[in-house]
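1. A structural model of the following input is requested.
(one chain, ligands or ions: 1)
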Amino acid sequence: MNHFNYRRGALHAEDVPLAAIADAVGTPTYVYSAATLTRHFQVVTEAFSAYSRPHLICYSVKANSTLAVLRLFAEQGSGFDIVSGGELARVRQAGGDVAKAVFAGVGKTPEEMEQALDAGILMFNVESAEELEVLDAVGRRLKRRAPFALRVNPDVDARTHRYIATGLKTSKFGVPFEEAVALYARARKMKGLKAVGLDCHIGSQLTQASPMRAALSKVAGLYSELREQGHPLEYLDIGGGLGITYADETPPSPQEYASTVLKAVEGTGATLILEPGRVLVGNAGVLLTRVLYRKQTPTKQFVVVDVGMNDLIRPALYEAHHALQPVVKRRGKAVEVDVVGPVCESSDVLARARPLVLPGQGELYAVMSAGAYGMSMASNYNSRARPAEVMVNGEAWRVVREREKPEDLWRGERA
Ligand code: LLP
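-> Here you go, the predicted model:
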C-alpha cells in the first residue's frame, strides 16, 4: 500500500498534488511519502511481532541512503545494514544508532573496520577467511573483540535477476556453507574476535517463498549446530530481499514472509535480524519527470523526457519495469512509445514499447516505485546534476536534498 493516488484527476503524494512540487522544485525530482515509509516499517515490525524472541530491523541503507529517509527510520527505532564507511557516516549524520547497525560487504577495508568498531557497531558480517584475519588484527590493535557473524552462502537459486542474486555457489558473496563450521572453530582462537551471530542473504527482489525456505532451513540448522558446538551466537541475520510489485509480480506479503521465516527459525532461539531495503522504500517514492519532445521516426514513436539513466539506472541496468503515471490524468487512445532519456547511450530507455496516451510537450509523469535504488544509484554521467528530493508529510512537504548546481559537478577538482 502507498499514498500516491489520484484525486479529481490529479496525482497526489499524500495530500500534496505532485504538479505543485514539480512547479516549485522543477524536474527531475524524487518525491517520498513519509506516511508510506512509516507504514511499511510498521507492517514489517508487526509481522515479526509473532516471533517468540526479539527481532531487529536493520534497514538496508543502500536502497535509499538519503539522510531524511534514514532519520525517519531511526525515529521508528530501526537499526541499519551498511556496506561502507560512507554509509556508516550517513547513519551517524542522520542520528541513527550504530549499536543497532550491521556491516556487510566483501571488500571492507581495515580503515572502515576500525571506524565501525570504534563507533560501536553491533556486528560485522564477514565474507571471507582473509577478511576474518584482518578483522582479528583490527580488533587486537584496538584492544577489543570485534563482534562478527559469518555470512554463509547457502547455494540456493533465488530466482531473481542474475545481477541481484547473491546466494549461488558461483557468487562472490559469503563463505561456502561447508566451510563455516571450520571457520568458526578457527575464529574462536583469535583474540580480536567474538562470534555473535550467523548471517545469510540470497538476493533481492525475491518474489517466491521456496528459495527463502530452502536457504532459511539450511542456516537455521547451521545456527543450532554452531550453538551446540559451544559458539555463543545470539543473532541470526537473514538478510533482506523481499520483492515488491513493479508491474504484475506477486511477492509474498510481509505477513506471508514473516510466517515463512518464523517457521524456519522458531526453534533456534536466536535474536532475529532482518535487512529489508526495497520493501520499505521502493513504493514509497516516485520520480517526477517532464516530457521534452516527441519524435516520430519511420519505425518508432519516441517520447524524450528529462529523466536519464544517470537519475534512475534500473531500466538500463536490469531492464527493470517502472510504471509511468501521468501527473494529470488524460483521456485518449494509447499508442506504443519508447520513453527515452537525454543521456548519450542507447540503453537510456526508461520504458520500451509502452502503451501511453501520447503526451504533449511539458507534460508531467511520475515514474512509480522509484524509492529504492533510485537516488542511491544516481550518478553525474554526462555531467548531469543529480535530482532534487522532496519528503511529503500530509499536507506539508519540504526539499530534503537540493538539486545539484553546476559547481557541485566539479567540487574538489583542479583544472
Ligand atoms: N542485505 C544485503 C547483504 C544486501 O546485499 C542487500 C541488497 C540487502 C540486504 C537489501 O536487499 P533488498 O531488501 O533491498 O532486496 N540495485 C538493485 C538491487 C541490489 C541489491 C543489493 N543488495 C536493484 O535496483 O534492483
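2. what separates the residue sitting nearest the centre point of the chain from the ligand, distance-wise?
-> The chain has residue 63 as the residue nearest its centroid, 2.2 Å off, counting by CA atoms, centre = their mean. Using CB to the nearest ligand atom, to the nearest Å, we find residue 63 at a distance of 5 Å from the ligand. All C-beta spots, glycine's among them, are computed from the backbone N, C-alpha and C.
3. Residue 284 is in contact with that residue, correct?
-> No: applying CB atoms under 8 Å as the test, residue 63 and residue 284 come out as separate, 10.4 Å apart.
4. Return every residue with contacts to both of these two.
-> Taking CB atoms under 8 Å, 6 or more residues apart in numbering as the criterion, residue 63 and residue 284 both touch residue 371.
5. got the residue ranges for the strands in the stretch 51-200 of the chain?
-> Secondary structure of the stretch 51-200 of the chain (DSSP state E, counting those that start in this stretch): strands at 55-60, 79-82, 101-103, 123-126, 146-153, 175-176, 193-199.
6. With mean pLDDT and distance to residue 109 added, can I get these in JSON lines?
-> Compiled in JSON lines, the strands of the stretch 51-200 of the chain are given as follows (pLDDT from 0 to 100; distance: least, CB to CB, whole Å):
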{"stretch": "strand 55-60", "mean pLDDT": "98", "distance to residue 109": "20"}
{"stretch": "strand 79-82", "mean pLDDT": "98", "distance to residue 109": "14"}
{"stretch": "strand 101-103", "mean pLDDT": "98", "distance to residue 109": "12"}
{"stretch": "strand 123-126", "mean pLDDT": "98", "distance to residue 109": "12"}
{"stretch": "strand 146-153", "mean pLDDT": "97", "distance to residue 109": "14"}
{"stretch": "strand 175-176", "mean pLDDT": "94", "distance to residue 109": "19"}
{"stretch": "strand 193-199", "mean pLDDT": "98", "distance to residue 109": "18"}
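7. The ones you listed: which one's closest to the ligand?
-> Closest of the strands of the stretch 51-200 of the chain to the ligand is strand 55-60, at 3.5 Å (criterion: CB to the nearest ligand atom).
8. Give me the helices and strands touching that closest one, please.
-> With contacts taken as 3 or more CB pairs under 8 Å, 6 or more residues apart in numbering; DSSP states H and E, strand 55-60 sits against helix 34-47, strand 79-82, strand 271-274.
9. For the protein, just list every one of the helices.
-> Here the chain has its helices, by DSSP state H, at 18-25, 34-47, 67-75, 85-93, 110-119, 129-141, 180-187, 209-228, 254-265, 278-281, 314-318, 406-409.
10. For the ligand, which of those is the nearest?
-> Closest to the ligand of the helices of the chain is helix 278-281 (CB to the nearest ligand atom; 3.5 Å).
11. Quick one: residues in contact with the closest one.
-> 32, 37, 40-41, 44, 59-60, 63-64, 69, 73, 204-205, 240, 242-244, 254, 371-373.
12. Dump the C-alpha coordinates for it into PDB.
-> Extracted C-alpha coordinates of helix 278-281, given in PDB (Å, rounded to 0.1, in the frame of the first residue of the first chain):
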ATOM      1  CA  ARG A 278      13.300  -2.300  -1.200                       C
ATOM      2  CA  VAL A 279      10.200  -3.400   0.600                       C
ATOM      3  CA  LEU A 280      10.400  -0.400   2.900                       C
ATOM      4  CA  VAL A 281      11.200   2.300   0.400                       C
END
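13. how many neighbours does the closest residue to residue 240 other than its chain neighbours have?
-> Distances taken as CB to CB, 6 or more residues apart in numbering put residue 275 closest to residue 240, at 4.0 Å, once the chain neighbours are dropped. Using other CB atoms under 10 Å, residue 275 has 26 neighbouring residues.
14. Next up, the contacts around the most far-flung residue of the chain relative to its centre.
-> Residue distances from the centre of the chain (CA atoms, centre = their mean) peak at residue 298, which lies 40.1 Å from the mean C-alpha position. By CB under 8 Å, 6+ apart, the contact set of residue 298 is empty.
15. again with residue 17
-> Contact analysis of residue 17 by CB under 8 Å, 6+ apart lists 7, 10, 11, 327.
16. which residues touch the first one?
-> Right, residue 7. Residue 7 makes contacts with residue 17, as judged by CB under 8 Å, 6+ apart.
17. Just name the most buried of the helices and strands packed on strand 55-60.
-> The highest mean neighbour count among these, using mean count of other CB atoms under 10 Å, belongs to strand 79-82: a mean of 28.
18. So it, near the ligand or not?
-> Yes: Strand 79-82 lies within reach of the ligand by CB under 6 Å from any ligand atom, at residue 81.
19. What helices and strands are in contact with that strand?
-> Under the contact criterion of 3+ CB pairs under 8 Å, 6+ apart, strand 79-82 touches strand 55-60, helix 85-93, strand 101-103.
20. In its sheet, which strands sit next to the last one, and in what direction?
-> The one in question is strand 101-103. Here strand 101-103 has these sheet partners by DSSP bridges: strand 79-82 (parallel), strand 123-126 (parallel).
21. Good, wrapping up.
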